[in-house]
Every structure is written in C-alpha cells, then in structure tokens.
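> Sharing a sequence plus its predicted fold:
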Amino acid sequence: MALASALLLALALGGLAWRLNESPLEIPFLARQIESGVNDRSDGLRLEIGRAAVAWEGFRNGFSAPLDIRLADVRLHGLSGAPVVELPDAAATLSLRALLRGTIAPAGITLLNPRLEAVLAPDGSIAISPPGEAQATVGDPLAPLRDLMRPASDRSAATSLRRLRIQGGSLSLLDPMSGRRWTLAETRLDLRRAAAGGLAGEGSARLESGNASVQVRLQARAEGDPMRLSAGISLPALRPVELAALWPPLAPLGLVDALVSLTAHAEFDADGRPQRLRAALGAGAGAIDFGPGTNSAARRLPFAGFALAAGGTGRALRLETARLTLPGNAPGTSGPSLTARGELLNRDGAWNAAVDLAAEPIQAADLPRYWPAGLSPEARAATLATL
C-alpha cells in the first residue's frame, strides 16, 4: 500500500513537472495571495496583479531550475488610485526556505518592460508620477525600497527579496521648466541585496533626449537607515555637439574638436532630494577651435588632453580640477599644462565665485606654436616682440 502511494505521488509529481515544463500553469488564487501579502502596508501603495501562473524550466546541466511565478498586468497604485508603475509582465523566483514554512515569498523579481515616469521639481527633487501625467499624489513610491535596507529574511514576502532585475521598458525624467525629457530606454539593470541590507548593482540603457540617442552604462545603490540613494551614468566618447544635444548646458563644449567622455554621479536622501552631484569630463588629443579670425587666420589651440571634474550641492559648486595639457615638441608627447580650481557659493541669495589659475612654465621659443596666429593677433605680436 505504501509502495503504491509512493508510486502515485511520484507519477503526480512527474505529471505536474511535465505540465509546468510545457507552459506556465495559471493559478487565479495565487495573484490574490501575493497581493494580500504585499498590500498590508501603511504607506498607501497598493499592488494589483491581473494574472499569476507557476512555471518550471526543468533541469539545466544536471541541476533543477527554480520554481518561478509569472505575473501579468501588474500595477502599483498610489494614494490617488492612479498607477505609479505599469508592468506588462513580471516574474518572481520563490524562496525555497519560505515555501517550507508555508509562505509564498519571492527571492528574486524580474520586471519586464516597466514604464516609470518622474518629474524634476524646482528644488531638484524627483517625484514619481503615473505614466502620462505630469503630477499626481502617489504616496511614498520609495517605501518598498526601504524594506530592503534591512537584512533579508524568509519570514515574509516583504523581507525575502534578494535580487531585483529590470529588463526593457522605459524610465523617463521630465523637467517642466525647460520642457525637456530624458528617457532611459531598453534598460537592463541587475540589483542584488547585500547580507547586511541595501541594494547595489549596475546595467546599461539607451539614453534618449530629443533626437539624440546614445548607449550608456548605469550604476545604482541604496543603503542605510535613513536610506541614501546614489546613481551614476557613464557616456562613451562623443563629439561635443552630441553631448550638447543630450544636455544643452554643455553647448560651450562645441568649441572643442575632440571626442569627449562624460561620467556623472548623484546622491539623494530618503525623500529623493539631491544631496550631492559630481560630474567629470575627459578628452584626448584635439583642439579648441575659435573659428576663423581676421583674414581667415586660424584660431585653433591644440592640446594633448583635457580633464574637468566638478561637484557640489544646490548652494555650493566646487571646481575640483580643470586641466588643459598642451602638446609636446615630439608627436604624441605632452607639454606644459594650464590648470584651474575654484568655488561658486550661494550666500544670502547671491552667488560668489573664486577661481585660481595656474600654468606650468612655457619656453619662450614654444609660445608662437601654442598661441594661434588668429587669436588676438595684436596682443600676440606685441608679446612675441618683447621676447
């Protein structure tokens, strides 16, 4: 009798495994159970799941694949009832330890093609809005993230998550004052939970603004109590006109005839307000082209390299370094450098600037080569005549 029962159980499990391996098995009550486990919150956010199904991809290289839950038509609603995030599809890998306790809890979640829109406020803070709306009351959209600042636990669905992935979709930021919108499309982001709590990870996306589009690298981190957020973006070497198309304040770089790379890093507090920003620009050999001068004389200042790094807050900006390295006498070598450092401070509503300029010694015989003939020709002629 025991043997027969064991055979029946084995057949039933085998049949279930075959069925799950063929296609996901939809289980209506599973969606409601996941909703009830997540919606027991005091922050006003509410999760809605259209459909839930269980899937299993069999064995891979001799090991069993994890049991997955496929979710469809997922929406995260705010206080107004409008959806803050829309997910056509999502997938969750269940925690085996939680299952053994009778709890359905995700160990990993993959968001497929999510749509998220944010609005840049005048104070620099970022507010999450429902897709297609400029402003809305959505509660605290970062509240679910705060649960992940603590060490992982398999006791509940809210604390078991150890990995969060984003595949596809779009993340947009709108600046109402300028009317400009930046979008991270085709996003691929992989975040992992540390043993002591917090998330960290990296990925890639395509940055779009207006008619400009470029592939970028992303970094993200959330940690601490109170929570601190940081995000970084790295752009490949581009022509300055391409950088200016993505961010118009970089238009003065249009004078630079060289490929320029850009990295930026921002830190935010638990409410999404920026605390510190830092950006760095770099370029190899090239020239600063001031355009043709009198009688079409050249006004190109060649350089062997260029680097700039600046950072600060909403009240203070520090130019950490700006270095222009001139070319050496032999091709491919570096000569003397021109450097600048400074600060821009907001005191009682007024901005005050202080800049220190320095230059390494330049040989008098090299000055005609470094000083373009068409750039302030009278001053150039008078200076050279005194040497």
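Cool, got the structure. Numbers count the residues shown, from 1 in each chain.
> from here on, contacts and neighbour counts on C-alpha atoms
OK.
> mind listing what Leu189 touches?
Arg165, Ile166, Gln167, Gly201, Glu202, Gly203, Ser204, Leu218 (C-alpha atoms under 8 Å, 6 or more residues apart in numbering).
> Surely the first one and Leu111 touch.
Yes: here Arg165 lies in contact with Leu111, judged by C-alpha atoms under 8 Å, at a distance of 6.1 Å.
> who has more neighbours, those two?
Each of Arg165 and Leu111 has its neighbours counted (other C-alpha atoms under 10 Å); Leu111 has more, 23 against 20.
> tell me which element the more buried one is part of?
strand 106-112 (DSSP states H and E).
> Show the average pLDDT along the helix or strand following that strand.
Once the chain leaves strand 106-112, the next helix or strand it forms, by DSSP H and E, is strand 115-120. Mean per-residue pLDDT for strand 115-120: 83.
> Same check on stretch 274-281?
So the average pLDDT for stretch 274-281 ends up being 91.
> from the middle of its chain, how far away would that stretch be?
Taking C-alpha atoms, centre = their mean, to the nearest Å, one finds the center of stretch 274-281 at 13 Å from the center of the full chain.
> okay, the contacts of Leu189 in CSV with secondary structure, distance to Pro28 and pLDDT next?
Compiled in CSV, the contacts of Leu189 are given as follows (DSSP: H, G, I helix; E, B strand; the rest coil; distance: C-alpha to C-alpha, whole Å; pLDDT from 0 to 100):
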residue, secondary structure, distance to Pro28, pLDDT
Arg165, strand, 25, 90
Ile166, strand, 25, 91
Gln167, strand, 25, 91
Gly201, strand, 33, 94
Glu202, strand, 35, 95
Gly203, strand, 34, 95
Ser204, strand, 35, 96
Leu218, strand, 37, 96
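> Among those residues, which one lies nearest to Asn211?
Minimum distance to Asn211 across these is 19.6 Å, recorded for Ser204 (C-alpha to C-alpha).
> where does the stretch 251-387 of the chain dip in pLDDT?
Applying pLDDT under 70 to the stretch 251-387 of the chain flags residues 295.
> ok, 80 please
By pLDDT under 80, the low-scoring segments of the stretch 251-387 of the chain are 271-272, 292-298, 314-315, 346-351, 387.
> Which parts of it are strands?
256-257, 260-268, 274-283, 286-289, 300-303, 305-312, 316-327, 334-347, 350-359 (DSSP state E, counting those that start in this stretch).
> Of those strands, which is nearest Arg146?
Between the strands of the stretch 251-387 of the chain, strand 260-268 lies closest to Arg146; by C-alpha to C-alpha that is 13.7 Å.
> Show me which of the contacts of Leu189 are buried.
Neighbour-count burial (16 or more other C-alpha atoms under 10 Å) applied to the contacts of Leu189 gives Arg165, Ile166, Gln167, Gly201, Glu202, Gly203, Ser204, Leu218.
> Would you agree Gln33 falls within a strand?
No: looking at Gln33 with DSSP: H, G, I helix; E, B strand; the rest coil, it is helix, so not inside a strand.
> Columns distance to Gln363 on top of the contacts of Leu189, output as CSV?
Shown next, in CSV, are these (distance: C-alpha to C-alpha, whole Å):
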residue, distance to Gln363
Arg165, 57
Ile166, 56
Gln167, 56
Gly201, 49
Glu202, 47
Gly203, 48
Ser204, 46
Leu218, 44
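> Let me see the contact set for the residue lying closest to Leu319 once chain neighbours are set aside.
What sits nearest to Leu319 in space, not counting adjacent residues and going by C-alpha to C-alpha, 6 or more residues apart in numbering, is Ala310, at 4.5 Å. For Ala310, the contact set (C-alpha under 8 Å, 6+ apart) comprises Arg278, Ala279, Ala280, Leu317, Arg318, Leu319, Glu320, Thr321.
> farthest-separated two in the residues you listed?
Ala280 and Leu317 (13.3 Å).
> Show me what the spatially most central residue of the chain is bridged to.
In the chain, the C-alpha nearest the mean C-alpha coordinate belongs to Leu218, at 4.5 Å (C-alpha atoms, centre = their mean). With beta bridges defined as DSSP bridges, Leu218 has these partners: Gly203, Ile233.
> The one 4 residues further on too?
Beta-bridge pairing of Ala222 under DSSP bridges involves Leu199, Leu229.
> Just send the contacts of Ala310 back as CSV, with distance to Gly293 and neighbour count too.
Putting those into CSV (distance: C-alpha to C-alpha, whole Å; neighbours: other C-alpha atoms under 10 Å) gives the following:
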residue, distance to Gly293, neighbour count
Arg278, 36, 19
Ala279, 33, 17
Ala280, 31, 18
Leu317, 34, 19
Arg318, 34, 19
Leu319, 31, 19
Glu320, 33, 16
Thr321, 30, 14
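> Of these, which is the nearest to Pro240?
Nearest to Pro240 out of those is Ala280 (C-alpha to C-alpha; 14.0 Å).
> who's in contact with Pro88?
Ala72, Asp73, Val74, Leu112, Asn113, Pro114.
> same thing but 6 Å
Listed by C-alpha atoms under 6 Å, 6 or more residues apart in numbering, the contact set of Pro88 reads Ala72, Asp73.
> Would you list the phi and psi of it?
Pro88 has phi and psi values of phi -60, psi -40 when expressed as degrees, to the nearest 10.
> That one and Gly108, how far apart?
18 Å (C-alpha to C-alpha, to the nearest Å).
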